[in-house]
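Visitor: Whatever this is, show me its structure:
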Amino acid sequence: MALNRRDLILGTGGLALGAAILPGSAREASAAAPFRNDVPPAWYRFRFGENEATIVSDGRLPLGKPEPAFPAAPPQEINALLRGNFLPPDAATLEQNVLVLNTGRQLVLFDTGMGESMGADSKMFGPTTGRMLSNLRAAGISPEQIDLVVLSHAHSDHCWALVDAEGRRNFPNAQVAVSEADLRYWTDDGNKRGPAFMTSFIEGAKKNLSAYRDRMVMVRDGAEVTPGVTAIAAPGHTVGHTCYAINSGGRTMVYTGDLAHHHVLLLQRPMWEFSFDTDPKQSAQTRSRLLARLADERHAVLSYHFPWPGLGHVVRAGEGYAWLAEPMDLTPPG
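Guide: As a prediction, the model looks like this:
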């Protein structure tokens with residue numbers, strides 16, 4: 001006997017279909033699966049001019065409550081800015097976007113993330129950091145292939161993965177480029193004063209930088225570190241903090257390091273001070289000056305701490321600036 005559409009709805013066909021979805025039925029389908037609670041490898045590759053660029057994540061860096069990190073800022077204004085940008089007002093979280101630039105002649109790594117060189121101190125910001133090396137390998141890049149590590153500065157989340165816990169070089173074939181001012185400051189025991197983090201920051205910098213003492217390149221403002229990569233002095237966050245202009249194929253992308261840590265708070269309020277700055281007032285002046293330049297010159301920006309993967313543009317907005325993230329292109333570079 002042939003069944004028509006009415007039979008299927010009202011007749012035995014409909015009853016069979018209904019039975020399959022009755023609550024509590026022995027025939028009820030279940031597709032529940034346990035939460036995995038793991039994090040996939042995080043890397044993103046794109047072409048920039050004649051170069052191939054890969055961004056690898058060192059993991060998220062939670063600051064906790066934002067007020068201590070921005071001590072001179074009105075708490076109610078911090079709260080309003082975060083809420084207004086759909087961000088939790090009680091927790092500020094930064095990313096760590098490590099750039100690898102393949103120029104066809106060299107593999108250049110910009111900063112290293114937290115690493116594991118300093119034991120428990122390597123997790124001072126929590127368990128989500130220290131993933132750069134595993135993500136680098138997941139992206140098909142071996143640490144042995146890195147020719148040059150370019151440091152924006154010598155803070156823990158930027159240089160502590162130069163070596164492993166035993167002090168062995170993670171990048172055995174690489175030179176390390178850093179400003180002389182930062183090299184001197186962060187390896188000087190006389191600077192173990194002030195904030196509590198200073199002692200561990202200096203001990204970590206000494207351990208990581210000393211392993212490359214015979215292969216250091218001193219960065220100079222306005223000079224090329226390697227062909228196509230020019231240093232831009234940006235002091236204040238540290239004494240020798242440096243941004244880098246990457247030029248290729250008629251385009252410029254500026255790697256800003258820690259010029260601004262938060263894509264809302266320190267762009268909309270560039271003169272606010274940040275608790276990890278060596279000279280907060282100089283840092284604010286530098287930030288304001290270079291953000292104006294980035295907005296006016298319309299250069300692409302790669303920010304170390306902005307939302308993954310940190311690519312976008314800075315534009316003027318009111319009395320400050322806004323961050324326009326660049327959409328990720330998932331087409332394989334070609």
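Visitor: Asn51 and Arg45: what is the separation?
Guide: Relative to Arg45, Asn51 is positioned 11 Å away (Cβ to Cβ, to the nearest Å). All C-beta atoms are positioned from the backbone trio N, CA, C, and that covers glycine.
Visitor: for Glu116, same thing?
Guide: 25 Å.
Visitor: In terms of neighbours, single out the busier of these two.
Guide: Arg45 (19 against 16; other Cβ atoms under 10 Å).
Visitor: Now the more buried one. Nearest residue, chain neighbours left out?
Guide: Sequence neighbours aside, Thr54 is the residue nearest to Arg45 in space, at 4.6 Å (criterion: Cβ to Cβ, 6 or more residues apart in numbering).
Visitor: Confirm the one you found sits in a helix?
Guide: No: checked against DSSP: H, G, I helix; E, B strand; the rest coil, Thr54 lies outside a helix; its state is strand.
Visitor: burial of it, as a residue count?
Guide: Neighbours of Thr54 (other Cβ under 10 Å): 22.
Visitor: Also Arg193?
Guide: 8.
Visitor: pLDDT score for it?
Guide: Looking at Arg193, its pLDDT stands at 92.
Visitor: Repeat that for Ala231.
Guide: 98.
Visitor: Which secondary structure element is home to it?
Guide: strand 229-233 (DSSP states H and E).
Visitor: what comes into contact with that strand?
Guide: 101, 108, 150, 179, 219-225, 240-247, 254, 290 (Cβ atoms under 8 Å, 6 or more residues apart in numbering).
Visitor: Next: stretch 320-334.
Guide: 44-47, 52, 263-264, 267-270, 291, 295, 300, 306-307, 309, 311-316.
Visitor: Show me just the buried residues among the residues you listed.
Guide: Among those, those buried by neighbour count (16 or more other Cβ atoms under 10 Å) are 44-47, 52, 263-264, 267-270, 291, 295, 300, 306-307, 309, 311-314.
Visitor: Which members of the residues you listed occur in helices, if any?
Guide: The members of those that map onto helices under DSSP state H are 267-268, 291, 295.
Visitor: The stretch 1-150 of the chain: helices as residue ranges?
Guide: Ranges of helices in the stretch 1-150 of the chain, per DSSP state H, counting those that start in this stretch, are 5-10, 12-19, 75-84, 132-138.
Visitor: Please read the previous query as pertaining to the stretch 201-334 of the chain.
Guide: 265-268, 280-297.
Visitor: Can you point out the buried residues in the longest one?
Guide: Residues of helix 280-297 classed as buried by neighbour count (16+ other Cβ under 10 Å): 280, 282-284, 286-288, 290-291, 294-295.
Visitor: could these be laid out in JSON lines, adding distance to Thr112?
Guide: What follows is the buried residues of helix 280-297, written out as JSON lines (distance: Cβ to Cβ, whole Å):
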{"residue": "Pro280", "distance to Thr112": "25"}
{"residue": "Gln282", "distance to Thr112": "25"}
{"residue": "Ser283", "distance to Thr112": "22"}
{"residue": "Ala284", "distance to Thr112": "26"}
{"residue": "Thr286", "distance to Thr112": "23"}
{"residue": "Arg287", "distance to Thr112": "23"}
{"residue": "Ser288", "distance to Thr112": "28"}
{"residue": "Leu290", "distance to Thr112": "23"}
{"residue": "Leu291", "distance to Thr112": "25"}
{"residue": "Leu294", "distance to Thr112": "24"}
{"residue": "Ala295", "distance to Thr112": "29"}
